[in-house]
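Visitor: Task: produce atomic coordinates for the following.
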Amino acid sequence: MSLNYIKNFYEGCLRPPTVIGQFHTLFFGSVRMFFLGVLGFAVYGNEALHFSCDPDRRELNLYCYNQFRPITPQVFWALQLVTVLVPGAVFHLYAACKNIDQEEILERPLYTVFYIISVLLRIILEVIAFWLQSHLFGFQVHPLYMCDASALEKAFNVTKCMVPEHFEKTIFLSAMYTFTVITILLCIAEIFEILCRRLGYLSNQ
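Guide: A predicted model of the protein is given here:
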């Protein structure tokens, strides 16, 4: 029985009841994760090693880099992806435990409402992630970062730090913002598809 639950859960995650949901899964699972996993590592993988300040001292570089990056972009985006997956995963786990067929989700009002709530939660989480990303990383990476290192040593005060490959990082930031916006639009479109198909089901009864 437990294997059947796992099978239903797996199929539910891979094949949502809506066409847009299936496209979202493909877009989310393939393009976005590939972009983050492969290109994200290439752009941000050695950022801490090449981040240098004046004077070029290891403790100063580390201190200023931690100030410049309270959280690394790769970790933030990985957390974003996992967090956004949670509402859908919880719903499909519930559906698997109850042996709910994918078509049944759109036929029974209670399941339809639960599914819409899971999609709305995805939208909310994506909006929060967009807001956090804009506050943590901004929309552009500048070549110079002014670091307040007075807490480390009074002689340092404000020091200039060089940010490596700033233009590539700006492009990557823009791409991640774009992915978030596309995901939000897909979720909104999925809600409309659910409502339209639900109305079509009711009219055919």
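
Visitor: So which elements touch the lengthiest helix in the chain?
Guide: Secondary structure of the chain per DSSP state H: the longest helix is helix 166-204. Helix 166-204 sits against helix 19-26, helix 40-44, helix 73-97, helix 102-107, helix 109-137, with contacts defined as 3 or more Cβ pairs under 8 Å, 6 or more residues apart in numbering; DSSP states H and E. For every residue, glycine as well, the C-beta is placed using N, CA and C.

Visitor: and that helix, average pLDDT?
Guide: Taken as a whole, helix 166-204 has an average pLDDT of 83.

Visitor: What residues of it count as buried?
Guide: Across helix 166-204, burial judged by 16 or more other Cβ atoms under 10 Å covers 169-170, 172-173, 175-176, 179-180, 182-184, 186-187, 189-191, 193-194, 197-198.

Visitor: What of stretch 119-137?
Guide: 119, 121-123, 125-126, 129-130, 133, 137.

Visitor: from the residues you listed, which is closest to residue 68?
Guide: Checking the buried residues of stretch 119-137 against residue 68 by Cβ to Cβ gives residue 137 as the nearest, at 10.1 Å.

Visitor: Low-confidence ranges, this protein, go.
Guide: Residue ranges of the chain with pLDDT under 70: 1-19, 27-29, 95-105, 154-156, 200-205.

Visitor: circling back: could you tell me the angle between the longest helix of the chain and helix 109-137?
Guide: 170 degrees (axes from the mean of the first three to the mean of the last three Cα atoms, to 10 degrees).

Visitor: Just give me how far helix 166-204 sits from the chain centre.
Guide: Put simply, helix 166-204 sits 13 Å off its chain's centre (Cα atoms, centre = their mean, to the nearest Å).

Visitor: do stretch 146-155 as well
Guide: For stretch 146-155, the distance to the chain centre is 34 Å (Cα atoms, centre = their mean).

Visitor: Output it in PDB with nothing but the alpha carbons.
Guide: Output in PDB follows, covering the C-alpha atoms of stretch 146-155 (Å, rounded to 0.1, in the frame of the first residue of the first chain):
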ATOM      1  CA  MET A 146      32.000  50.100  -0.300                       C
ATOM      2  CA  CYS A 147      32.500  48.100   2.800                       C
ATOM      3  CA  ASP A 148      32.300  49.500   6.300                       C
ATOM      4  CA  ALA A 149      35.100  47.500   8.000                       C
ATOM      5  CA  SER A 150      35.500  49.800  11.100                       C
ATOM      6  CA  ALA A 151      34.200  47.000  13.400                       C
ATOM      7  CA  LEU A 152      37.000  44.800  12.200                       C
ATOM      8  CA  GLU A 153      39.700  47.400  12.700                       C
ATOM      9  CA  LYS A 154      39.400  51.200  13.000                       C
ATOM     10  CA  ALA A 155      42.200  51.800  10.600                       C
END
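
Visitor: Having no further points to raise, I will conclude here.
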